[in-house]
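J.: Here is a sequence together with a model predicted from it:
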Amino acid sequence: MKERVEAVLDRIRPAIQADGGNVELVDVNEDTKIVTVKLTGACAGCPMSQMTLKAGIERIIKHEIPEVVAVEAAF
């Protein structure tokens, strides 16, 4: 599943990079089906980062990989 998540992030990444940020895959827990990512660059301190994570990244990953339960931020 890790490779599938990374492939989705590769498709999302250009939009995030266009705003000066980036997203890195930290972990994919195969048991809980929770993906952990780290927002970097301009996204790291952005007050909208939680919305980017939930309304953007999580929504797209869950759409592409339905077995993913949640996407959480690593700090």
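T.: Noted; the coordinates are in hand. Numbers count the residues shown, from 1 in each chain.
J.: does Thr40 sit in a helix, a strand or a coil?
T.: strand (DSSP: H, G, I helix; E, B strand; the rest coil).
J.: Once you drop chain neighbours, what's closest to it?
T.: For Thr40, ignoring the flanking residues on the chain, the nearest one in space by C-beta to C-beta, 6 or more residues apart in numbering is Asn22 at 4.7 Å. C-betas here are computed from N, CA, C, even on glycine.
J.: for the one helix or strand that neighbour maps to, packing partners?
T.: Using DSSP states H and E, Asn22 sits within strand 21-29. The contact analysis (3 or more C-beta pairs under 8 Å, 6 or more residues apart in numbering; DSSP states H and E) places strand 21-29 against helix 2-18, strand 34-41.
J.: Deepest-packed of these, please.
T.: strand 34-41 (a mean of 18; mean count of other C-beta atoms under 10 Å).
J.: got the angle for that one vs strand 21-29?
T.: Relative orientation of strand 34-41 versus strand 21-29 (axes from the mean of the first three to the mean of the last three C-alpha atoms, to 10 degrees): 160 degrees.
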